[in-house]
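Colleague: Sharing a sequence plus its predicted fold:
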Amino acid sequence: MTETGANPIREFKSRIPIADVVGEFVRLRKTGSNLMGLCPFHSERSPSFSVAINKGIYHCFGCQKSGDVISFVQEMQSVSFGEAVRILSGKFGVPIPPELAKKIGGARTPPGTPSRESLLDVYYKLNHFVARFYHQKLLAAEGTAARQYLADRGISGETIRKECLGFAPAEWGALCNFLTEKKAPLDKAEELGLIRRKNTDAQISAAAHATPAASADAGRSHYDLFRNRVIFPVLDPRGRVIAFGGRALGDDSGPKYLNSSESPVYKKGSHLFGLFHAQKDIRAENACIVVEGFMDCLSLQQAGVGNTVATLGTALTEKQVAGLKRLAKDILVVFDGDEAGIQAQSRAMETFLNEDVVVRGVTLPDEFDPDEFIREKGSDAFRALLSSAPYLLDQRILDLARSSGSQTEGKARALDQILPWLAKLSSETARLIRLDQLSGLFGIEVAILERRAKELRTQGARTKNPPVVSLGNNANPAILSEISDPTEMRFLELVLQHPELWGQGLGPASEAGSILEGIQSEKIRDLVLRILELAKAGNQPGAEILEWTENPKIRAILARGLVTADQEQGKESGTKGTGEKGEAQAALIREFKDLNLKLARRGKERRRDSLRAIILRADSSGQSTELARLMSEYNELVKSLERSS
């Protein structure tokens, strides 16, 4: 049985059912004592993603992604460790231990006090309630014009249902009346920006004279924000309704597009439309397409370009970019082909550069936006544009070089625009390659350009923290620099899966020391010893061993070992024949013995080499007795190595 101890993180994770969490994103089926499914982190046809329920961990044998219930939520929902803990706490009603709450920066609430998550749940439920109201209005007779608009734009009934698209009636009080009738909290609806309070007599008068229907609602204290509009619910990565966008159906309905104001659950510039449905495709393709409008996003997703998201009525923000960085390596920006779209694309490029991301971009013909292009030309033509899309930074450099002319001032202005972009790149290789290209384009020595870029980079570092390249699993470069030897990694995995093999076929007791000495990585040697100590005490290694290292490669090996051990235990209780089991066990022992011999030889060679230096020191200091002992050990080692060669 695995010891949990008093570790608050381990205690919290042990109370969260990992199968339920993973099952929201992956269709799992029982395989032995584990669950298997298609990996949510990469595209595959045969399931290689395994969940070890007893251990509380997952591992993909294809892409090598592994972790626990918290890291899964972090990956799938692009949230921080603390946010993932709070999400799980709210979802499963598991209190956050005080030590863990302190670590993630959240104060522990007194007993009986609602958590922040439960307080926000009121807003999520109300938004969902309102989304259903708008959806029913769209499907009713009064939604005929809205349905026709969507049909004319090529939106199918399936997409309408999947996205829960809706219609806000033209009356000033349709939603207010509904909420009042259902005894929903109007103050919360007001906070969500769904309705507004009539603050002045002028507003009441305007409402009263707008339409006959509005006159009936003139005495109400609130009025609807969305009127005579097609409604687009905005979902967060967990599928909760956080805001709405509305497209006007008439010329007298105010601005063409109207979005929710900020609320307790919606912050402008922090979210992306379509992300909930797109995130699985984004991870599978490791690529994301960013468009501007609701209809662009829906049309592309409907046409099979599922990894599409849209900005929400504002210019792309660094917070949105940071979220996309966690989801995909390849990001493509596809805006309208007119001048405004080109300018927006250029601004987006700079926003991405601020987050150290070089994006690709598609420039559509003047008369098209993404929605129109894919409906007229089809998804194959659109994907052809994506496949040949250039990096926007390189395209902008070429455009500026062409337009700069041959005059010195023109070239200087172009370089003053280009060099700050290159200074933002954290990759020295990418920066040097582009500086070399600039040298050829502008006829200036690379060393001069490089010096100026370095000055700009230093200036930028004073005002903003230098870009941090994500290494995954909170690893740092020093940890990743550690060389992971395949022999040592496999030995660690076998010891984890079969600690009982330790000691089989090792020969003299001294061989055990040689084997451990043969493991050059101190981290792996320490892990082997700790696993053996657990086994000696009668304890089975569990998910807690993943906390013993920050090296992502070693963590993946440990996770794979734990998952494989569970799978093999399931097979032992299955239908495998006795003969087949015996053959597998014999092969395992042979492999383990081979690894022992290989590592023992390495250990002896290391000891032999170190003895040479020790012997020289003993000889020079006149320690005859010690010298004799060392020489005897050295000669035995040499003979042993000769016998095993």
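Modeller: Arrived safely, thanks for sending. Fair warning: this is a prediction, and the values are worked out from it, not measured in the lab.

Colleague: how's the protein carved up into domains?
Modeller: Domain assignment for the chain, taken from automatic domain parsing, gives 8-113, 118-259, 275-390, 395-463, 484-568+578-644.

Colleague: quick one: which of those is nearest residue 268?
Modeller: Closest approach to residue 268 among the domains of the chain (CB to CB): domain 275-390, 5.9 Å. For glycine as for every other residue, the C-beta is placed from the backbone atoms N, C-alpha and C.

Colleague: just for this structure, where's the confidence low?
Modeller: For the chain, applying pLDDT under 70 flags the ranges 1-6, 43, 105-118, 199-220, 253, 460-484, 503-511, 566-581, 644-645.

Colleague: so what's the residue nearest to residue 45 when sequence neighbours are not counted up against?
Modeller: Nearest residue to residue 45, sequence neighbours excluded (CB to CB, 6 or more residues apart in numbering): residue 38, at 7.9 Å. Residue 38 makes contact with 26-27, 44-45, 47, 49, according to CB atoms under 8 Å, 6 or more residues apart in numbering.

Colleague: Compare the residues you listed and tell me which is most surrounded.
Modeller: residue 49 (25 neighbours; other CB atoms under 10 Å).

Colleague: Residue 29 versus that one, what's the distance?
Modeller: Note on residue 49: its distance to residue 29, by CB to CB, to the nearest Å, is 11 Å.

Colleague: can you check residue 499 too?
Modeller: Taken as CB to CB, the span from residue 499 to residue 29 is 30 Å.

Colleague: Go through this protein and flag its longest helix.
Modeller: helix 578-620 (DSSP state H).

Colleague: out of residue 499 and residue 29, which sits in the busier spot?
Modeller: residue 499 (19 against 8).

Colleague: May I have the phi/psi pair for the more buried one?
Modeller: When read as degrees, to the nearest 10, the backbone of residue 499 gives phi -60, psi -20.

Colleague: Tabulate the domains of the chain (TSV), appending distance to residue 269.
Modeller: Formatted as TSV, the domains of the chain follow (distance: least, CB to CB, whole Å):
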stretch	distance to residue 269
domain 8-113	15
domain 118-259	11
domain 275-390	4
domain 395-463	20
domain 484-568+578-644	31
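
Colleague: between residue 49 and residue 29, what contacts are shared?
Modeller: In contact with both residue 49 and residue 29: 36-37, using CB under 8 Å, 6+ apart.

Colleague: Tell me which stretches of the stretch 251-400 of the chain form strands.
Modeller: Along the stretch 251-400 of the chain, the stretches classed as strands by DSSP state E, counting those that start in this stretch are 257-259, 287-291, 308-310, 330-335, 360-363.

Colleague: Point out the other helices and strands that the third one packs with.
Modeller: Going back to what we said before, that points to strand 308-310. When contacts are defined as 3 or more CB pairs under 8 Å, 6 or more residues apart in numbering; DSSP states H and E, strand 308-310 sits against helix 275-285, strand 287-291, helix 294-302.

Colleague: Sheet partners, orientation included, of the second one?
Modeller: With DSSP bridges as the test, strand 287-291 is paired with strand 308-310 (parallel), strand 330-335 (parallel).

Colleague: got a list of contacts for the shortest one?
Modeller: So the one you mean is strand 308-310. With CB under 8 Å, 6+ apart, strand 308-310 has contacts from 272-275, 278, 282, 288-294, 296-297, 300-301, 324.

Colleague: any idea how far stretch 344-353 is from the chain center?
Modeller: Relative to the chain's own centre, stretch 344-353 is displaced by 22 Å; criterion: CA atoms, centre = their mean, to the nearest Å.

Colleague: For the remainder of this discussion, apply numbering that starts at 47.
Modeller: Renumbered: residue one is now 47, and that last one reads stretch 390-399.

Colleague: Could I get the buried residue list for it?
Modeller: 390-392, 394-395, 397-399 (16 or more other CB atoms under 10 Å).

Colleague: ditto for stretch 228-243
Modeller: 230, 232, 234-242.

Colleague: So which of those residues belong to strands?
Modeller: Among the buried residues of stretch 228-243, the members falling in strands are 241-242 (criterion: DSSP state E).

Colleague: for the stretch 397-546 of the chain, what spans make up the helices?
Modeller: 416-423, 425-433, 438-449, 454-469, 474-488, 492-509, 523-526, 532-543 (DSSP state H, counting those that start in this stretch).

Colleague: Out of those, which gets nearest to residue 640?
Modeller: That would be helix 532-543 among these, by CB to CB, at 9.5 Å.

Colleague: Now do the helix or strand following that closest one against helix 624-666, angle only.
Modeller: Counting by DSSP states H and E, the next helix or strand C-terminal to helix 532-543 is helix 556-563. Relative orientation of helix 556-563 versus helix 624-666 (axes from the mean of the first three to the mean of the last three CA atoms, to 10 degrees): 80 degrees.

Colleague: Just the C-alpha atoms of the helix or strand that helix 556-563 is followed by, please, in PDB.
Modeller: Helices and strands here follow DSSP H and E; after helix 556-563, the next one along the chain is helix 568-582. Only the C-alpha atoms of helix 568-582 are listed here, as PDB (Å, rounded to 0.1, in the frame of the first residue of the first chain):
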ATOM      1  CA  GLU A 568      23.100  10.900  -9.400                       C
ATOM      2  CA  LYS A 569      19.400  11.600  -9.700                       C
ATOM      3  CA  ILE A 570      18.700   8.200 -11.200                       C
ATOM      4  CA  ARG A 571      20.900   6.500  -8.700                       C
ATOM      5  CA  ASP A 572      19.000   8.200  -5.900                       C
ATOM      6  CA  LEU A 573      15.600   7.300  -7.400                       C
ATOM      7  CA  VAL A 574      16.700   3.600  -7.600                       C
ATOM      8  CA  LEU A 575      17.700   3.500  -4.000                       C
ATOM      9  CA  ARG A 576      14.500   5.200  -2.800                       C
ATOM     10  CA  ILE A 577      12.400   2.800  -4.800                       C
ATOM     11  CA  LEU A 578      14.300  -0.200  -3.400                       C
ATOM     12  CA  GLU A 579      13.900   1.300   0.200                       C
ATOM     13  CA  LEU A 580      10.100   1.500  -0.400                       C
ATOM     14  CA  ALA A 581      10.000  -2.100  -1.600                       C
ATOM     15  CA  LYS A 582      12.100  -3.300   1.300                       C
END
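
Colleague: Can you give me the buried ones in helix 568-582?
Modeller: Buried, per 16+ other CB under 10 Å, within helix 568-582: 569-571, 573-574, 577-578, 580-581.

Colleague: Output the contacting helices and strands for it.
Modeller: helix 532-543, helix 556-563, helix 598-618.

Colleague: Now mean neighbour count and distance to residue 415 too, for the ones you listed, in JSON lines please.
Modeller: Converted to JSON lines, the helices and strands packed on helix 568-582 look like this (neighbours: other CB atoms under 10 Å; distance: least, CB to CB, whole Å):
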{"stretch": "helix 532-543", "mean neighbour count": "20", "distance to residue 415": "51"}
{"stretch": "helix 556-563", "mean neighbour count": "18", "distance to residue 415": "65"}
{"stretch": "helix 598-618", "mean neighbour count": "20", "distance to residue 415": "41"}
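
Colleague: In a markdown table, list those along with distance to residue 663.
Modeller: A markdown table is the format used below for the helices and strands packed on helix 568-582 (distance: least, CB to CB, whole Å):
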| stretch | distance to residue 663 |
| --- | --- |
| helix 532-543 | 30 |
| helix 556-563 | 20 |
| helix 598-618 | 35 |
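
Colleague: Out of the ones you listed, which is closest to residue 664?
Modeller: Per CB to CB, nearest to residue 664 of the helices and strands packed on helix 568-582: helix 556-563, 20.2 Å.

Colleague: and that closest one, what other elements does it pack with?
Modeller: Checking 3+ CB pairs under 8 Å, 6+ apart, helix 556-563 ends up next to helix 568-582, helix 624-666.

Colleague: So which of the strands of the stretch 297-446 of the chain is the most surrounded?
Modeller: Ranked by mean neighbour count under mean count of other CB atoms under 10 Å, these are led by strand 354-356, which reaches a mean of 27.

Colleague: So what's the gap between that strand and the chain middle?
Modeller: In this view, strand 354-356 has its centroid 16 Å away from the chain centroid, taken as CA atoms, centre = their mean.
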